[in-house]
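>>> Okay, sequence plus prediction incoming.
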Amino acid sequence: MKNIAFAFLVIASGASAALAQEDPPVDCANAQTQADMNQCSYQDFETADKELNAVYKQALASQAEVDKEAAEMGPDYVGAVKALKKAQRAWIDYRDGHCDGVGYEAVGGSMQPMLINGCMATLTQTRTKELKELVQGMGN
């Protein structure tokens, strides 16, 4: 009986080790399966989101500079950072809701995540462009 239990533990630990190994990276330029396309679309969104976060930090710094200069004219002129944060929160709600809606084209299907991720990546890239324009428009 001990040998059977030991053999089971050896087999189970080998299976766990095999499951723990990571799959090779997907070649997104040649993705063939829906699972690969879903993964690639998520990677596209992650890349876009990282860039957005970096540009958003620049936009916050830019708006903080605007507020700093405006403070010299009085407290009624300060609010650029607050406005940017309000807009960003609203934009995130819009992006998430809109893209969830886009996913309903394939609700319950295997391509639903790809549709949502693609939408989120596209809207995030557009928002990043808007924030860059904001920073540039503020003379930075």
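In hand now; what should we look at? Numbering: from 1, shown residues only.

>>> Where does the nearest residue to residue 44 once chain neighbours are set aside sit: helix, strand or coil?
The shortest distance from residue 44 to any non-neighbouring residue, by CB to CB, 6 or more residues apart in numbering, is to residue 121 (4.4 Å). For the C-beta atoms, the positions are set from N, CA and C on the backbone; glycine is no exception. Using DSSP: H, G, I helix; E, B strand; the rest coil, the structure places residue 121 in helix.

>>> likewise residue 32?
With three-state DSSP as the criterion, residue 32 reads coil.

>>> next SSE after the lowest-mean-pLDDT helix or strand in the chain?
Within the chain, no helix or strand scores below helix 2-20, which has a mean of 49 by mean pLDDT, DSSP states H and E. Next along the chain after helix 2-20, taking DSSP states H and E as the criterion, comes helix 34-71.

>>> Next, the buried residues of that next one.
Buried residues in helix 34-71, counted by 16 or more other CB atoms under 10 Å: 36-42, 44-45, 48-49, 52, 55-56, 58-60, 62-63, 66-67.

>>> which other helices and strands contact that helix?
helix 80-103, helix 112-137 (3 or more CB pairs under 8 Å, 6 or more residues apart in numbering; DSSP states H and E).

>>> now for the ones you listed, which one comes closest to residue 27?
Among the helices and strands packed on helix 34-71, helix 112-137 comes nearest to residue 27, with 16.1 Å by CB to CB.

>>> Return the per-residue confidence for residue 77.
On pLDDT, residue 77 comes in at 85.

>>> wait, residue 117
98.

>>> Could you list which residues are in contact with the residue nearest to it when sequence neighbours are not counted?
Nearest residue to residue 117, sequence neighbours excluded (CB to CB, 6+ apart): residue 41, at 3.7 Å. By CB atoms under 8 Å, 6 or more residues apart in numbering, residue 41 lies in contact with 113, 114, 117, 118, 121.
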